[in-house]
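Undergrad: Pasted the sequence and its predicted model underneath.
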Amino acid sequence: MDSVMRWILRQPVEQPDAREIARQFQLPAALATMACERAALQGLTPDHFLGPKLKSLPDPFLLPGMQPAVELLLGAVVRNARITLFGDYDVDGVTSLTILSRFLQAWGVEVACFLPERLAEGYGLSAEALERCINTTQPQVIIAMDCGTNSVAEIAATQARGIDMIVIDHHEPSTPATSVPIVNPKLGQGHTDFCTAGLAFKFCHALLKQTDRRDPDLRNWLDLVALGTVADLAPLTGENRILVHHGLKRMPRSCWPGLQALMKVGQVGPNPTTDDVGFRLGPRINAAGRLGTAEAALELLTTDDARRARTIADELNNRNTERQRVERATLREAEAALDYMPDPKAIVLANEGWHPGVVGIVASRIMRRFHRPTFVIAVDENGMGKGSGRSIDGVSLIELLQQAAPCLEQFGGHHAAAGLSIRAEQIDTLRQSLAEAVTRTVTPELLQPSLRIDAIVRYDELHLEFLEAHEQLQPYGAANAQPLFAMCGVRPAEPPRVMKEKHLSFRFGRNGGGVRAIWFDGARTPLPAPPWDVAFQVGVNEYRGNRQIQVTIRAIRTSSSEFATA
């Protein structure tokens, strides 16, 4: 099923300010041009792009639903109403609950936190989860976080019991509830890229502004905002870029014992990056909800007991190891099934033995390998399937699922990631419906995997100064991708070494010098005869205070002068 990879060399647009920006920020010409281009795409000046400032954050009351939500909550605080925060079991849900609960507790307001049980109660404001929430916390006000925008019936039933509700959510609205305040940027114009952790921060900011209070210091919450924003793959543009930039800087001196403990077990260094959040911190928090309940993850971030935090962090680390084992087994079975399939337009895989907590991760890995919109579905003993999907750039899962809606029990999510419930007997219908929808609406070019090379560099340019310049364009992530470079016509200085039976380690250069590189999972790909073109990204390797540039290979091909252009 693997398709031929196109190598596309980006053609930089001439930037009048690039030379001055290169001088001012000590950037190589290619990175200065890149910074100017990305700034322009975000409507920023290059110096604001390279130096994000908290004072640039807009008024939180510009967000739709913010004013009535703030007024309702402040009224509840005045009358000492019982308040419950109802969240989700992923990183965004757990961090958003942590942000708002810690903020209100700093005001002396006691709140209860509630998380649904993934396997028994499903996602969001389900009737089962709401019933348990109401019975256990006896709320007079429920704040639904990271869910609830389209839960019209559930909200109406809750209000009928005399319970007020607020929704703080970022999911796509289809039939939004209109009887409660909904802070959802997608219900307005602009400011649409927040995850719920970012919205929780904005909500706290609005509460401070409404009351003219200056305490607590919201900067202490920025590391939690960065954690939720990066883990939820929110675009790192606009306000998100500012929040994550400052949140990452705050992480090493976090005042939250749980985050400190999590960074320790995740072996995060003194200069955290978005990769650390995405691959070391986020998965350990998600592991709690994937294989059980997310209560441990919530307790980790809300406890002030350092010893208890270390115990929970170790527990989550163990759960993450178990999650990895289950994920690897599921991935092997999924890939084996694909080996016998013709090239599909969309991939739909289902199995009764799969764990619903890992299907999203497996879908992501399948999507990246085969470059197709992908759904992986775990079917339970009652014939009900719970699936998760991931999509390629330019293909909206929500739009595809809308065309397949008649065979689905339930669905929701984003353009890039979505979830669904489906009866087992409808899975073949879903597979056919998605294939037909992709055939009608997706161009062949989008279905061909490609590498978009930002610039060509020589291996002798890859030194610590280049790395430091590269770091100024951070934080990298969704909508601000880490640059992809290529070096052309190179030969390895020595044969590559196999590491852990699956990775390859290289060195490019002469006389014992040069740059070292690693290709994760590269041992499964046959190497062509050199000389090579090598596509790679740069990062940092820190050990005992020593910083070195680290090259991570994404692809190798026989050297060629042929690049597509874009």
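TA: Great, that's in hand. This is a predicted model, so every value here is computed, not measured.
Undergrad: Now for the residue nearest to residue 32 when sequence neighbours are not counted: which residues touch it?
TA: Closest residue to residue 32 apart from its sequence neighbours, by Cβ to Cβ, 6 or more residues apart in numbering: residue 22 at 3.6 Å. Every residue, glycine included, has its C-beta placed from N, CA and C. Counting by Cβ atoms under 8 Å, 6 or more residues apart in numbering, residue 22 makes contact with 28, 29, 31, 32.
Undergrad: Can you name the element that comes right after the helix or strand containing residue 313?
TA: Using DSSP states H and E, residue 313 sits in helix 306-338. Scanning forward in sequence from helix 306-338 by DSSP H and E, the next helix or strand is strand 347-351.
Undergrad: Neighbouring strands - and their directions - for that next one?
TA: Strand 347-351 has its sheet partners listed here by DSSP bridges as strand 374-379 (parallel).
Undergrad: what sits up against the partner strand?
TA: 330, 334, 346-352, 354-356, 359-360, 362-364, 366-367, 385-391, 420, 422, 424, 427, 430, 434.
Undergrad: Report the rounded mean pLDDT for that strand.
TA: Averaged over strand 374-379, pLDDT sits at 97.
Undergrad: Which strand residues bridge residue 548?
TA: Beta-bridge partners for residue 548, by DSSP bridges, are residue 541.
Undergrad: My guess is it contacts residue 539. True?
TA: No - taking contacts as Cβ atoms under 8 Å, residue 548 lies outside contact range of residue 539: 10.0 Å.
Undergrad: Of these two, give the one with the bigger neighbour count.
TA: Neighbour count, other Cβ atoms under 10 Å: between residue 548 and residue 539, residue 539 has more, with 19 against 14.
Undergrad: The helix or strand where that one lies - contacts with which helices or strands?
TA: Using DSSP H and E, residue 539 sits within strand 532-543. Packing partners of strand 532-543 (3 or more Cβ pairs under 8 Å, 6 or more residues apart in numbering; DSSP states H and E): helix 464-471, strand 485-490, strand 546-558.
Undergrad: As CSV, those with distance to residue 406 and mean pLDDT would be great.
TA: Below are the helices and strands packed on strand 532-543 laid out as CSV (distance: least, Cβ to Cβ, whole Å; pLDDT from 0 to 100):
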stretch, distance to residue 406, mean pLDDT
helix 464-471, 49, 92
strand 485-490, 46, 94
strand 546-558, 40, 91
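Undergrad: Quick check: which element contains the residue nearest to the spatial centre of the chain?
TA: Closest residue to the average C-alpha location of the chain: residue 233 at 2.4 Å, with Cα atoms, centre = their mean. Under the criterion DSSP H and E, no helix or strand holds residue 233.
Undergrad: got a pLDDT number for the nearest residue to it once chain neighbours are set aside?
TA: Once flanking residues are discounted, residue 233 sits nearest to residue 478: 5.0 Å by Cβ to Cβ, 6+ apart. At residue 478, the model reports a pLDDT of 88.
Undergrad: so who does residue 478 touch?
TA: Contact analysis of residue 478 by Cβ under 8 Å, 6+ apart lists 233, 234, 235, 236.
Undergrad: Could you measure from it over to residue 10?
TA: According to Cβ to Cβ, to the nearest Å, residue 478 and residue 10 sit 18 Å apart.
Undergrad: Looks like residue 263 contacts residue 270 (just checking).
TA: No - taking Cβ under 8 Å as the definition, residue 263 is not a contact partner of residue 270, at 9.7 Å.
Undergrad: out of those two, which sits in the more crowded spot?
TA: Neighbour count, other Cβ under 10 Å: between residue 263 and residue 270, residue 263 has more, with 21 against 10.
Undergrad: any residues touching the one helix or strand the more buried one maps to, and which ones?
TA: Taking DSSP H and E as the definition, residue 263 sits inside helix 257-265. Identification of contacts with helix 257-265 by Cβ under 8 Å, 6+ apart yields 223-224, 227, 251-252, 254, 272, 281, 284-285, 299-306, 308-310, 312-314, 316-317.
Undergrad: Please list only the buried members of those residues.
TA: Among the contacts of helix 257-265, the ones that count as buried by 16 or more other Cβ atoms under 10 Å are 223-224, 227, 251, 254, 272, 281, 284-285, 299-303, 309-310, 312-313, 316-317.
Undergrad: before we move on, the earlier item: could you export the helix holding residue 263 as CSV, CA atoms only?
TA: This file holds the C-alpha atoms of helix 257-265, laid out as CSV (Å, rounded to 0.1, in the frame of the first residue of the first chain):
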residue,chain,number,x,y,z
PRO,A,257,4.0,19.3,42.4
GLY,A,258,2.2,17.0,39.9
LEU,A,259,3.7,18.6,36.9
GLN,A,260,7.1,18.6,38.5
ALA,A,261,6.8,14.9,39.2
LEU,A,262,5.5,14.1,35.7
MET,A,263,8.5,15.9,34.1
LYS,A,264,10.8,13.9,36.3
VAL,A,265,9.4,10.5,35.3
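Undergrad: List the buried residues in it.
TA: So for helix 257-265, counting by 16+ other Cβ under 10 Å, buried means 257, 258, 259, 260, 261, 262, 263, 265.
Undergrad: cool, stretch 33-47 as well?
TA: For stretch 33-47, by 16+ other Cβ under 10 Å, it's 33, 34, 35, 36, 37, 38, 39, 42, 44, 46.
Undergrad: I'd like the residues you listed written out as TSV, with distance to residue 527 and pLDDT added.
TA: Formatted as TSV, these follow (distance: Cβ to Cβ, whole Å; pLDDT from 0 to 100):
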residue	distance to residue 527	pLDDT
33	32	93
34	30	94
35	34	94
36	37	94
37	33	93
38	33	93
39	38	93
42	39	88
44	42	90
46	40	94
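Undergrad: partner strands of the helix or strand that contains residue 112, parallel or antiparallel?
TA: Using DSSP H and E, residue 112 falls within strand 111-114. Strand pairing for strand 111-114, using DSSP bridges, gives strand 83-86 (parallel).
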